[in-house]
Structures are given as structure tokens and as C-alpha cells.
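J.: next one to model:
(one chain, ligands or ions: 2)
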Amino acid sequence: MKKILVLGACGQIGTELVLTLRQLKGEESVIAADLKNECPEIINNGPYIQLDALDKQSIRTYIIDNNIKEVYLLAALLSATAEKNPEFAWKLNMEGLFIILDLAKEKHIDKIFWPSSIAVFGPTTPMDQTPQHTIMEPTTVYGISKQAGERWCEYYNLKFGVDVRSIRYPGLISYKSLPGGGTTDYAVDIFYKAKENKKFNCFLKEDTALPMMFMDDAIRATIELMDAPIENVKIKSSYNLAGISFTPAVLAKAIQKVIPDFEIEYHPDFRQAIADSWPNSIDDSMSKKHWGWEPKFDLDGMVHVMLENL
Ligand code: NAD
Ligand code: SER
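T.: Residues are numbered from 1 along each chain as shown. Ligands and ions are numbered 1, 2, ... in the order given. Got it, this is the predicted structure:
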């Protein structure tokens, strides 16, 4: 039986991706793997293996011995954490990718999903409705690693026929798992604080618009892209994807519709500079045209589901 490996499965995206993939493909077909020695309880319903994305030999042996044919490579350092340890961020984000790309080049893996990010864009990029093809001069180590990763994915496709598919995720908002050290994390934390003590200190300025998306939409997009016929996947670097764009002030207002006495204060820190270098909103018309992408969640819908489920 062909198997799927989700590497970096214990994080914000991995836990929800594993849950959905297991519902669709069968519990035993989807192996969750992570550096952690135990997986979160929520994905205890299927196989779990402790694996280091940088341990080339163990990854290679596991993938070949277990007939893994699809890999979702999620292990990475995110933007804020990466700025604190740039050297290691570069190592993890790049070497981890090469290990998987090379296994696909040698035909051990049929298909790879590797996520990119809105962080590939930089201060010289057009900020509103950022096009698929545009100026990309990222100023964070995370963004540089994602942009280099995109180039290598396309290269492995063009030179070696590797089927690697990718999305430039916006900031993701979820209630089943916590975010892992990004600049968009405020948009998850705000819901916890709104419910706990009705007060939130935001590390970004009130008017900082960023592209965001509810996790259900992101997981659906990922699986739709992976299931799309190969001839529809025309972009081999990474696809722009858009959901909702908002500022902290706009999000706070939407929360106040449900919790009227919720208060927010703004105390920008080092993450403000990262956010300032990223787009306000994204043009994802190519994803729509090529593989039929359509988001479902708007701001109020997302706020409602978050506050209901936390
Ligand atoms: P996360 O930090 O929540 O999860 C990453 C997981 O990888 C963690 O469980 C961690 O333990 C694991 N990991 C770290 N080093 C590892 C190693 N050496 N070997 C195995 N596992 C290791 O991150 P996430 O938010 O789930 O993001 C997953 C991917 O999606 C990353 O590539 C990230 O850049 C990308 N992405 C995320 C967002 C977002 O908003 N969450 C947006 C854009 C792109
Ligand atoms: N949500 C991610 C971050 O803030 C974007 O890639 O790092």
C-alpha cells in the first residue's frame, strides 16, 4: 500500500493536515512524523514516528522501507523564531528540503508538498493584491529560505521531473493547534485573550494589514492542489493563495461584535518590521484559474468559528 508521510506533523498545520488526510485516505496510510518524541493527543489515532528532518540517513531508510510515496514537508523555523537563529533556520529550511527533493529525484517518492509563504515578498514588492509574478526581495532569513526553496522546487521539476507542489500560505488561523513562532501568530493569540480576560496586547500596530486564512481553507487548498491533475499544476515554484486580509484593529472590531467589552492595546516589537515588509493582500487568480481554488471563510465567519470552538 502506498503511504503518505507528514514530516513536521505536530505543528499548527501538521496536526490538522494529518487529521484531514486520515479521514480521506485512511488512518493507517498517513504517517505523522516529527522531532518530538510524542505526538499531540489529537493525532493519536494513527501511526507516529519520531524523525529528524535533518537526519538524511534515517529519513531515507524510513521512506524507502515503508513505501512512502507522498511527503508533506512541514518542518521549518517560522519568521519570528528564524530571526533569532538565522543560521539554524537556513540549515533546517533548506537541508530538510534537499533531502526530500533528492529522494524524489531518485524516484523513491512520487509527489511532494512543500509550503512557501507570503514571506517570499519584501518591501519592494507591490503591497496590494500582490501578483503571482512580481519583484521578490525578502528581507527576513525565513523569506530568503522560502524564496530559495521555491527556486529549487522549480529547478528539480524542470531538470529531473520531480512532482513538487507548493502554496505561499498567508498567516493561518486555527483553534485545534497553536502557531509555532510566526509574525502572524497575534491573529490566533487574540482569540485566546478575548475569551480569557477580554484584553489583548498586540505586538503589531493597529493598521498593519496582512494576508490571512482560516485553517480549514488552507488544508482544503493543500489537498486540492495535491489531488489536482498534474497538467493543471502549471506553476512549479509556489502558488499565491488568498483568504482574508485585515489589520489588528479590524480583527478586534469583528471580535467586539461578539464580545463587546473586548479591549486591545498596541505595543509593536521586532515583528513589526517583518510585517511591514510583507504584502497587505494577495492576488491568487492563478490558483483559481489553474486548479479551481475558492476560499470559503470570510472575516466574520472565521471569528465566529474561532470563538465558538476555543
Ligand atoms: P510549526 O512551527 O507549528 O510546526 C513545525 C513542526 O515541525 C513542529 O511540530 C516541530 O516540532 C517540527 N520540527 C521542527 N524541526 C524539526 C525537525 N528537524 N525534524 C522534524 N520535525 C521538526 O509550523 P507550521 O505553522 O505548522 O508550519 C508548517 C510549514 O508551513 C512551515 O514550512 C512554515 O514555514 C509553513 N507556513 C506556515 C504558515 C502559518 O501561518 N502557520 C504560513 C506560511 C507558511
Ligand atoms: N505565518 C507565517 C509567519 O508569520 C508566515 O509564513 O512566519
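J.: and residue 248, how far is that from ligand 1?
T.: Per CB to the nearest ligand atom, to the nearest Å, residue 248 is found 16 Å from ligand 1. From N, CA and C alone the C-beta is placed, and that goes for glycine too.
J.: neighbours of that residue, how many?
T.: Using other CB atoms under 10 Å, residue 248 has 23 neighbouring residues.
J.: and if you look at residue 33?
T.: Residues near residue 33, counting by other CB under 10 Å, number 29.
J.: show me what from the stretch 51-200 of the chain comes close to ligand 2.
T.: Residues of the stretch 51-200 of the chain lying near ligand 2 by CB under 6 Å from any ligand atom: 78-79, 117-119, 142, 171, 182-184.
J.: thought residue 111 was touching residue 70?
T.: Yes. Applying CB atoms under 8 Å, one finds residue 111 in contact with residue 70, separated by 4.8 Å.
J.: contacts only, for residue 128.
T.: By CB atoms under 8 Å, 6 or more residues apart in numbering, the contact set of residue 128 is 279-281.
J.: please convert the residues of the stretch 51-200 of the chain next to ligand 2 to TSV, extending it with distance to residue 34, pLDDT and neighbour count.
T.: What follows is these, written out as TSV (distance: CB to CB, whole Å; pLDDT from 0 to 100; neighbours: other CB atoms under 10 Å):
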residue	distance to residue 34	pLDDT	neighbour count
78	15	98	21
79	20	97	27
117	20	98	29
118	24	98	27
119	22	98	29
142	19	98	27
171	22	98	27
182	18	97	24
183	23	98	30
184	21	98	27
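J.: what residues are shared contacts of residue 111 and residue 70?
T.: Contact criterion CB under 8 Å, 6+ apart; residues shared by residue 111 and residue 70: residue 226.
J.: helix, strand or coil: sort out the residue of the chain most remote from its centre for me.
T.: In the chain, residue 261 marks the outermost C-alpha relative to the chain mean, sitting 32.2 Å out by CA atoms, centre = their mean. Of the three states, residue 261 takes coil under DSSP: H, G, I helix; E, B strand; the rest coil.
J.: in the stretch 151-300 of the chain, what residue comes closest to ligand 1?
T.: Closest contact between the stretch 151-300 of the chain and ligand 1, by CB to the nearest ligand atom, is at residue 180 (2.2 Å).
J.: quick one: residue 93 is in a helix?
T.: Yes. Read with three-state DSSP, residue 93 is one of the residues of a helix.
J.: what helix or strand is the nearest residue to it once chain neighbours are set aside on?
T.: Nearest non-adjacent residue to residue 93, counting by CB to CB, 6 or more residues apart in numbering: residue 145, 3.7 Å away. Using DSSP states H and E, residue 145 sits within helix 141-160.
J.: and if you look at residue 191?
T.: Following DSSP H and E, one finds residue 191 within helix 186-196.
J.: so which of the residues of the stretch 51-200 of the chain next to ligand 2 are also by ligand 1?
T.: 78, 117, 171, 182, 184.
J.: so the fourth one makes contact with residue 79?
T.: Yes. With contact taken as CB under 8 Å, residue 182 and residue 79 are classed as touching, separated by 5.2 Å.
J.: for the helix or strand following the helix holding residue 191, which positions count as buried?
T.: Remark: after helix 186-196, the chain's next helix or strand is strand 199-202, criterion DSSP H and E. Across strand 199-202, burial judged by 16 or more other CB atoms under 10 Å covers 200, 202.
J.: and ligand 2, is the helix or strand just after strand 199-202 touching that?
T.: Sequence order places strand 210-214 as the next helix or strand after strand 199-202, per DSSP H and E. No. Strand 210-214 lies apart from ligand 2 when judged by CB under 6 Å from any ligand atom; the minimum separation is 8.4 Å.
J.: list the buried residues of strand 210-214.
T.: 210-214.
J.: need the residues you listed in TSV (columns: pLDDT).
T.: Shown next, in TSV, are those (pLDDT from 0 to 100):
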residue	pLDDT
210	98
211	98
212	98
213	98
214	98
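J.: give me phi/psi at residue 114?
T.: Backbone geometry at residue 114, expressed as degrees, to the nearest 10, gives phi -130, psi 120.
J.: gap between it and ligand 1?
T.: 8 Å.
J.: how many neighbours does the residue lying closest to residue 150 once chain neighbours are set aside have?
T.: Closest residue to residue 150 apart from its sequence neighbours, by CB to CB, 6+ apart: residue 237 at 4.1 Å. Neighbour count for residue 237, taken as other CB under 10 Å: 21.
J.: give the other helices and strands that the helix holding residue 145 contacts.
T.: Judged by 3 or more CB pairs under 8 Å, 6 or more residues apart in numbering; DSSP states H and E, helix 141-160 is in contact with helix 79-84, helix 86-105, strand 116-117, strand 164-165.
J.: mind doing that once more with 6 Å?
T.: On a contact count with 3 or more CB pairs under 6 Å, 6 or more residues apart in numbering; DSSP states H and E, helix 141-160 meets helix 79-84, helix 86-105, strand 116-117.
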